[in-house]
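A.B. asks: I need the structure of the sequence given here:
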Amino acid sequence: MTIQAYINPDFTLPKKLIFFMVALLAILFGNLLIFIWNLILEPGKDRKSIERRQDSYFHMSEYFYELIISATSVMSFACAYVVFNHIFSLCSTSSHGGWVGRFVYAWANWKDFILLLMICLSCVLNTVLDKLIIPIKGLARDQIASVRMLGMFYAIIVLLVLNVIGDESEYSPVMMYYLGLMVGRFVYFDASFMDFLAAMKNMVMKSPLLVLGLSISGGLCFLGFKLGYLLERNYYIVGVFYTHLFLLAAVFVLYHGRHIRLRIKANDRDKDSDKDCSDKRKRK
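C.D. replies: Predicted structure coming up:
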């Protein structure tokens with residue numbers, strides 16, 4: 001296997017558009033399940049029930065989008081680790097100069113520090129996506145923090161599955177970093193047992209979204225490998241990361257499409273209100 005094997009020349013632009021459309025349909029299907037869930041929890045047909053159902057649906061869909069964003073950011077760190085480790089294994093068998101030699105030396109001697117740097121960069125990527133690319137504004141800071149923690153648990157499950165199916169890479173260091181961050185999120189110096197129980201409760205309450213996200217990404221990964229869009233001879237984590245990029249693009253389109261639609265509706269209501277006021281003044 002060579003470094004060039006990370007690029008699939010058969011994954012052409014038309015196939016990428018097809019894969020993106022499937023990812024878009026998958027996210028829409030996830031939103032539909034969220035809507036049905038809220039319809040079951042709030043079955044009333046009166047105005048207050050409809051408003052509560054709409055608010056709950058909007059809130060849960062924001063959680064779902066934030067989980068996809070967090071999972072993509074976390075998977076970027078895992079994928080980078082696998083790629084860098086593979087490059088190191090290819091280049092360490094012979095002597096190299098220039099940036100390749102410096103990379104081999106740095107990875108051999110400062111691997112743990114590089115891992116810490118990469119996970120910090122993945123957190124920065126998550127923040128950039130949250131604030132600039134897909135600005136999720138319907139969630140409070142503590143809610144976003146809990147979803148990010150769920151994203152780490154999401155990544156651990158994915159890496160465990162990859163180990164079970166026999167991926168050639170070694171994911172134990174990455175999983176240990178994620179577990180350490182999750183433990184640090186649950187248990188800290190000034191935390192009480194009640195704080196721990198509250199954090200566990202938040203995890204359990206959001207577990208259906210975790211199952212939904214894993215099911216959608218897993219199904220899309222299976223389809224990508226089955227159709228030959230993703231490389232089976234490659235490490236599976238690379239295909240998983242590609243899949244999350246397409247899911248992230250689908251979230252971007254749906255999120256901004258919804259806000260554009262809401263803005264258009266608000267402008268139409270304002271125009272109708274101004275027209276009614278103008279008609280009343282004319283009648284007077």
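
A.B. asks: can we go C-alpha only for contacts and neighbour counts from here?
C.D. replies: Will do.

A.B. asks: which residues in this structure form helices?
C.D. replies: Secondary structure of the chain (DSSP state H): helices located at 13-41, 47-91, 98-109, 111-128, 141-164, 172-186, 193-205, 207-227, 236-283.

A.B. asks: what helices or strands is the fifth one leaning on?
C.D. replies: Helices and strands in packing contact with helix 141-164 are listed as helix 47-91, helix 172-186, helix 193-205, helix 207-227; criterion 3 or more Cα pairs under 8 Å, 6 or more residues apart in numbering; DSSP states H and E.

A.B. asks: ok, the second one next?
C.D. replies: Packed against helix 47-91, as judged by 3+ Cα pairs under 8 Å, 6+ apart, are the following elements: helix 13-41, helix 98-109, helix 111-128, helix 141-164, helix 207-227, helix 236-283.

A.B. asks: just the first one next, same as before
C.D. replies: Taking 3+ Cα pairs under 8 Å, 6+ apart as the contact definition, the neighbouring helices and strands of helix 13-41 are helix 47-91, helix 207-227, helix 236-283.

A.B. asks: go again with 6 Å.
C.D. replies: helix 236-283 (3 or more Cα pairs under 6 Å, 6 or more residues apart in numbering; DSSP states H and E).

A.B. asks: looking at the helices of the chain, which one is packed in the most?
C.D. replies: Burial of the helices of the chain is given as mean neighbour count (mean count of other Cα atoms under 10 Å); helix 47-91 ranks first at a mean of 20.

A.B. asks: now it: average pLDDT?
C.D. replies: In this model, helix 47-91 carries a mean pLDDT of 87.

A.B. asks: quick one on the thing from earlier: between the helices and strands packed on helix 141-164, which one is nearest to Leu160?
C.D. replies: Ranking the helices and strands packed on helix 141-164 by distance to Leu160, with Cα to Cα as the measure, places helix 172-186 first at 8.5 Å.

A.B. asks: re the thing from before, switch the helices and strands packed on helix 47-91 over to CSV; also include distance to Ser89.
C.D. replies: Below are those laid out as CSV (distance: least, Cα to Cα, whole Å):
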stretch, distance to Ser89
helix 13-41, 30
helix 98-109, 9
helix 111-128, 13
helix 141-164, 19
helix 207-227, 25
helix 236-283, 17
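
A.B. asks: would a markdown table of the ones you listed with mean pLDDT and distance to Phe84 be doable?
C.D. replies: Converted to a markdown table, the helices and strands packed on helix 47-91 look like this (pLDDT from 0 to 100; distance: least, Cα to Cα, whole Å):
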| stretch | mean pLDDT | distance to Phe84 |
| --- | --- | --- |
| helix 13-41 | 94 | 25 |
| helix 98-109 | 84 | 8 |
| helix 111-128 | 86 | 10 |
| helix 141-164 | 83 | 17 |
| helix 207-227 | 93 | 22 |
| helix 236-283 | 80 | 12 |
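
A.B. asks: quick one: which of those is nearest Met176?
C.D. replies: Of all these, helix 141-164 sits nearest to Met176, with 9.1 Å by Cα to Cα.

A.B. asks: who's in contact with that closest one?
C.D. replies: Under the contact criterion Cα atoms under 6 Å, 6 or more residues apart in numbering, helix 141-164 has outside partners Leu67, Ser70, Ala71, Met175, Tyr178.
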